[in-house]
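fold the following for me, if possible:
(chains A and B, ligands or ions: 4)
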Amino acid sequence: MPKIIIDGREIECRPGIPVLQAALEAGFDIPHYCYHPGLKIVASCRLCLMEMKMPHPKTQEPVWAPKLVPSCQTPVKDGLEVRFNSDAVRQNQKHVMEYYLLNHPLDCPVCDKAGECYLQDYTEQFGPAASRMVEEKTKNPKKDIGPHTLLYQDRCVLCSRCVRFTEEISGTGELTVVNRGNRGEIDVFPGRPLDNPLQGNVVDLCPVGALLDKDFLFKQRVWLLRSTKSVSPADSRGATIWIDHNDGRIHRIRPRFNEKVNEWWISDEARFGWKYVHAENRLRAPSGRGRGPADPARPLAGRVPLAWEAVPARVRVILGEAAARGGGAGVAAVLSPMMSCEEAWLLASLVRGMAPAATLVPGFVPVVGQDQTFPKGFVIKAEKCPNLRGIETILAHVGGPQATWNEFLGRAAEGAFDAAYVVGGYPDASWVTPAVAAALARIDGCILHDLFPSAAAATAELLLPAASWAEREGTFMNCDGLVQAFERAIPPLEGVKADGQVLHELGGRPGLFRAEAVRAEAAAAVPALGAVFVPRDLPPHAH
Amino acid sequence: MAFERVLMRNVGVSGSTSLEVYRRSGGYEGAARALRMKPDELVELVKSANLRGRGGAGFPAGVKWSFLPKDRQVTYLCVNADESEPPTFCNRVLIDHDPHMLLEGILIAGYATRTTVAYIYMRGEFTEQFHTLQRALDEAYAAGYFGKNILGSGYDLECYVHRGAGAYVCGEETGLIESLEGKRGWPRIKPPFPAVEGAFHQPTVVNNVETLACLPHILTRGLEWWHSVGTPNSKGPKMFCISGPVNRPGCYEAPLGISCRELIYSPDFGGGMRNGEKVKAVFPGGLSMGVLRGDVFPQRPAGSPIDVTQDYDELDCLLDFDDPRNYDLLGLGTAAAVVVPESADIRDVLVNVARFYAMESCGQCTQCREGTAWMYKIAQRIRAGAGRPVDLDLIVEVTKNMGMMPGLSICGLPDGAAWPLRTLVQKFRREFERHIAAQDPDAPRRRIVRTNPAAYTLPVLQGRAEVMPGGTFYEPENHPELELRA
Ligand SMILES: Cc1cc2nc3c(=O)[nH]c(=O)nc-3n(C[C@H](O)[C@H](O)[C@H](O)COP(=O)(O)O)c2cc1C
Ligand code: SF4
Ligand code: SF4
Ligand code: FES
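Ligands and ions are numbered 1, 2, ... in the order given. Okay, here's the model as predicted:
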């Protein structure tokens, strides 16, 4: 590992990275705009300049070179000595920061980026207190550049990150720079708006408030938001994300750096796919089947509300009665790929504990289109659920009678099951097709644990409201077998309990569900699982 | 020995663009000789000729060629015919009158560098020149000077003329390469230098039209002749342009090292000033190299050293690669002098110069993009009669904080902006100050209030606009006198 000296401090760094990256990883606060570790280096903002020691042309002795050099463009090399704490460097930072604000509208009070804006931060840290320009500001326009994005050109620092993103990462090249000099603008080509499955990333990439997400526009001041580490349930790749929320509401989702999966990016599905969490029609209370006939058009009409306290006993009665007949061959549990590993383990052991011959079924797997691979390797999976591999792994270790989802539906339709614990948890009720509804309706003791009302909810013996992933904690195993933990961002909707907590209580355990404790329990029961379900920590150098 | 024109020998000769006329004066002799040598010998020859680039930077061509990696498979030659430096038209005259001289130079340079394809990147506005050159190229192809197995030597060279779309920055060598590749003409960061990775990721040589046009003469007339022309470090003939209110504006060939005064006043060149006016200022190397004081200023006392801080006549500056530096100029540049007469207002000159760079900065680097535009705004205000003495300091400060020399930008454009603007303000400071002293004292405030009310109405900024000198940033703690009531 090369060692370099920055401001007199020796640091060890990963080989091949730019000095700027090494400095940032070592905790130096170096202002920079155009550099982004995921994009090609252009060294154009000229803010990251440093002084470097070079051999004197005559004596070959290392001396401070008179020119400043961009630290983002200089790769680390063993023995390299650089400094940022010099007058020349600070003077340059001051000038550049003054330049950036010459024509900036200073409209921070109405700018969404305020509070996480590098123009604000760097001006505060490195810039002069006020501008010396007394002439009229150059005014650049605001533009609507795509279905999700607005461009406030007057705030842009022309770092070209967004342009490089569409060229290199999404490969769609919608954005470009038009005009020269200080009249330069980011723009789209006529009739070709910014519209690709990764486009939301340009908003995160933009170091200032020039690119704005229409979805988040004027919604929240960012300093009021809290950020929780999570994993996206949008597809089976398991992109790591931040959930930004306050007062129990999600306001936006941003990528969380992950070397192994999504790097700095997420798909728009992951970014905007959280709206269902706050949907009005979510199930909000447990209920039992009513007396009258079920009406698929109004699934909740006539159902009998239940208190959570009554639920464990009801479940034991339903499953217990069925288990008593034929050793439990008439009992099934459907483990949805939307469940966490911990929840799946709890449900599998609960059902098997009551009915050893119960059939375990991996639930419906939503698939949309084909896997989409982007130029630098970003993948959007066709499989739109986060934990199929986790469910399969658990089922493989648990063993016993199992069936596929389709086999289960077929047998259920023939009346093979007396009772089943069926977990849904999908972002909408479309998984309950008429065939699914018909099959589940044949199960007399159907316990449905789901987010939304559906035809199956109308006929379920017991209906339990589920919580979305943002309201739960646990781990998902992605399509490549990587296990990643997600934390609870917001409390469950009023009247709803987190799925893990429900299963924890059904198992007769006291106190609160803790994902970590369940993992320990699973490891104790099946040692092989202990080795598998270890959430990987992410490396720290996210930017 | 009387100086003999070689680069412009066919100017005025009828039919000079045709291969036939070109051959009559010894055309393609040099190439034939070159093809009988080994490429490396040719590089050595050009190195010992010390042929310095005519495109502006004056870098020795032979040395540049020797930077090409030894194990390269493909080499490209880009001929820089983008000639966009303001008063410059040497390349245009050459192509207009003697396109085959350029083509022969390309063949020689191509052979020396083992180039496979040569691209002539031509300024977009050169419409006639494009057709002239294309016709000449077709003729040369037909005569076997391009294509496969040239003159039986086994050497193959293809050549294309590519037209630019009109941006100054596309004359910068890496901007040119990007533009040639069909991208936006944004200069590239170096390293890698074009010699290692240039056009289409291959080793590439970029040379100016006139640099290449010198090659046939070095081969036919020999090193001895070449070394006999010019000054010790600046060898060979050079085309000089002169424009402005002189009697004979135009392009002239002369040995490197004639003085600026000669260029303006000699009957062979500029022929003196129109209406007997005096010279206020002259930009001797295109705009970008900076400005010299003219003969409205007194002569320097005989025997005293050059001192650019004093208001003396500087027309004795020799136009070679070295002497301009003694006058605080960046270099020889394109050797295209533009003369500013006594009657011109220096504020107009400042606006014109500032405008050019503000329009032409490509906009990648912050200092260049914002600095050039800011200076243009300041210059406009000064011209409008609302200048302040601090503006002059501010311009000097901004110019000192841009450019490649201090390492602050990707390409040399801002150096080229800084030099003329800074030297204008420094060398003509007393004239600027006279104008400012003569204007209505309230004019700056009135104008600033109109264009940027915040500068006067926000308490924290009030009054600062007038008193902040250049070279100091406004920091409240350093300026208690400016802290207005809370
Ligand atoms: C902003 C800028 C514009 C330039 N424009 C031209 C030009 O129009 N023609 C030219 O030959 N060189 C131009 N140059 C110089 C080229 O970068 C390069 O040095 C030259 O083409 C090399 O050729 P030479 O070595 O034969 O002089 C320009 C340089 C800069 C920084
Ligand atoms: S819009 Fe944002 S990301 Fe794009 S160039 Fe401007 S500042 Fe950079
Ligand atoms: S220095 Fe100016 S012209 Fe050159 S690349 Fe940077 S912004 Fe463009
Ligand atoms: S971050 Fe290095 S120049 Fe922009």
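
of all residues in the stretch 1-150 of chain A, which one is closest to ligand 3?
residue A:44 (6.6 Å; Cβ to the nearest ligand atom). From N, CA and C alone the C-beta is placed, and that goes for glycine too.

if I look at that residue, how far off is ligand 2?
Noted for residue A:44: a distance of 10 Å to ligand 2, by Cβ to the nearest ligand atom, to the nearest Å.

got it, and residue B:387?
Residue B:387 sits 33 Å away from ligand 2, going by Cβ to the nearest ligand atom.

residue A:495 too?
Taking Cβ to the nearest ligand atom, one finds residue A:495 at 43 Å from ligand 2.

repeat for residue A:482
According to Cβ to the nearest ligand atom, residue A:482 and ligand 2 sit 30 Å apart.

residues near residue 375, how many?
All of this refers to chain A. 11 (other Cβ atoms under 10 Å in any protein chain shown).

you looked at the wrong chain, it should be chain B
Residue B:375: 28 surrounding residues under other Cβ under 10 Å.

now the residue nearest the centre of chain A, what's its secondary structure?
Closest to where the C-alpha atoms of chain A average out (Cα atoms, centre = their mean) is residue A:241, at 2.8 Å. Secondary structure of residue A:241, reduced to three states by DSSP: H, G, I helix; E, B strand; the rest coil: strand.

please report how far it lies from ligand 3.
According to Cβ to the nearest ligand atom, residue A:241 stands 36 Å off from ligand 3.

mind listing what that residue touches?
By Cβ atoms under 8 Å, 6 or more residues apart in numbering or on different chains, residue A:241 lies in contact with A:230-232, A:253-256, A:266, A:270.

of all these, which two lie farthest apart?
Farthest pair in the contacts of residue A:241 (Cβ to Cβ) is A:231 and A:254. Separation: 13.2 Å.

so between the two, which is more surrounded?
More neighbours surround residue A:231 than the other of residue A:231 and residue A:254, with 31 against 19 (other Cβ under 10 Å).

so which of the contacts of residue A:241 wins on neighbours?
residue A:231 (31 neighbours).

touching, residue A:157 and residue A:123? I think so.
No: applying Cβ atoms under 8 Å as the test, residue A:157 and residue A:123 come out as separate, 11.3 Å apart.

list residues touching both of the two?
Taking Cβ under 8 Å, 6+ apart as the criterion, residue A:157 and residue A:123 both touch residue A:100.

quick one, which of these two is more surrounded?
Legend: neighbour count by other Cβ under 10 Å for residue A:157 and residue A:123, higher for residue A:157 (25 against 19).

what about the more buried one, which SS state?
On the basis of three-state DSSP, residue A:157 is classed as coil.

enumerate every residue touching it.
Residue A:157 makes contact with A:33, A:45, A:100, A:119, A:207-208, A:210, B:366, according to Cβ under 8 Å, 6+ apart.

about what we covered before: what about the residue of the stretch 1-150 of chain A closest to ligand 3, neighbour count?
Neighbours of residue A:44 under the rule other Cβ under 10 Å: 27.

which residue is the nearest non-sequential neighbour of it?
Spatial nearest neighbour of residue A:44, excluding adjacent residues (Cβ to Cβ, 6 or more residues apart in numbering or on different chains): residue B:364 at 4.0 Å.

which of the helices or strands spans residue A:212?
Here residue A:212, judged by DSSP states H and E, is contained in strand A:211-213.

typo on my end, it should be residue B:423
Using DSSP H and E, residue B:423 maps to helix B:413-427.

pull out the buried residues from that helix.
Judged by neighbour count using 16 or more other Cβ atoms under 10 Å in any protein chain shown, the buried positions of helix B:413-427 are B:413-427.

which of those residues sits closest to ligand 4?
Using Cβ to the nearest ligand atom, residue B:414 comes nearest to ligand 4 of the buried residues of helix B:413-427, at 14.6 Å.

isn't the closest one right up against residue B:367?
Yes: between residue B:414 and residue B:367 there is a contact under Cβ under 8 Å: 6.4 Å.

domain map for chain B?
B:19-228, B:238-343, B:347-478 (automatic domain parsing).

want to throw those into TSV with mean pLDDT?
TSV is the format used below for the domains of chain B (pLDDT from 0 to 100):
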stretch	mean pLDDT
domain B:19-228	96
domain B:238-343	96
domain B:347-478	86
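
relative to residue A:442, which of the ones you listed is closest?
It's domain B:19-228; of the domains of chain B, that one is closest to residue A:442 (Cβ to Cβ) at 64.4 Å.

and stretch A:162-174, end to end?
10 Å (Cα to Cα, to the nearest Å).

in it, which residues are buried?
So, applying 16+ other Cβ under 10 Å, buried residues of stretch A:162-174: A:162-167, A:169-170, A:172, A:174.

do stretch B:137-149 as well
Neighbour-count burial for stretch B:137-149 flags B:137, B:139-140, B:145-146 (criterion: 16+ other Cβ under 10 Å).

and the residue of the stretch 201-350 of chain B that's closest to ligand 4?
The minimum distance from the stretch 201-350 of chain B to ligand 4, using Cβ to the nearest ligand atom, falls at residue B:201 (22.4 Å).

where's that residue relative to residue A:349, distance?
Look at residue B:201 and residue A:349: by Cβ to Cβ, to the nearest Å, they are 59 Å apart.

now swap in residue B:293 and tell me
Distance of residue B:293 to residue A:349, given as Cβ to Cβ: 94 Å.

and these two? Which one has more around it.
Between residue B:293 and residue A:349, counted using other Cβ under 10 Å, residue B:293 has the larger neighbour count: 23 against 19.

in space, what's closest to that one - neighbours in sequence excluded?
In this structure, residue B:293 finds its nearest non-sequential neighbour in residue B:314, 4.7 Å apart by Cβ to Cβ, 6+ apart.

burial count for that neighbour?
Neighbour count of residue B:314, defined by other Cβ under 10 Å: 27.

for it, what are its contacts?
Residues in contact with residue B:314 (Cβ under 8 Å, 6+ apart) are B:260, B:292-294, B:297, B:306, B:308, B:327.

in a helix, it, correct?
No: if the criterion is three-state DSSP, then residue B:314 is coil and not within a helix.

quick one: pLDDT of the nearest residue to residue A:183 once chain neighbours are set aside?
With Cβ to Cβ, 6+ apart as the criterion, residue A:183 has its nearest non-adjacent residue at 7.2 Å, and that residue is residue A:138. The model reports residue A:138 with a pLDDT of 87.

surely residue A:237 is in contact with residue A:258?
No: shown here, residue A:237 and residue A:258 do not form a contact pair, counting by Cβ under 8 Å, at 9.9 Å.

which positions in the stretch 151-300 of chain B make contact with ligand 3?
By Cβ under 6 Å from any ligand atom, the part of the stretch 151-300 of chain B that sits against ligand 3 consists of B:169, B:187.

how about 8 Å then?
When proximity is defined by Cβ under 8 Å from any ligand atom, the stretch 151-300 of chain B lies next to ligand 3 at B:169, B:172, B:175, B:186-187.

now swap in chain A and tell me
Residues of chain A that fall close to ligand 3, judged by Cβ under 8 Å from any ligand atom: A:44, A:181.

which bits of chain A sit near ligand 4?
Listed as neighbours of ligand 4 in chain A under the rule Cβ under 8 Å from any ligand atom: A:20, A:32-35, A:41-49, A:70-73, A:159.

which non-adjacent residue is nearest residue B:225?
By the measure of Cβ to Cβ, 6+ apart, the closest residue to residue B:225 outside its immediate chain neighbours is residue B:217, 7.9 Å from it.

in contact with residue A:242, which residues?
A:227-230, A:253-256.

following the lengthiest helix in chain B, which helix or strand comes up?
Ranked by residue count under DSSP state H, the longest helix found in chain B is helix B:209-228. Beyond helix B:209-228 on the C-terminal side, the first helix or strand identified by DSSP H and E is strand B:230-231.

given that following strand, what are its sheet partners and their directions?
Take DSSP bridges as the rule and strand B:230-231 pairs in its sheet with strand B:234-235 (antiparallel).

the partner strand - what's its average pLDDT?
95.
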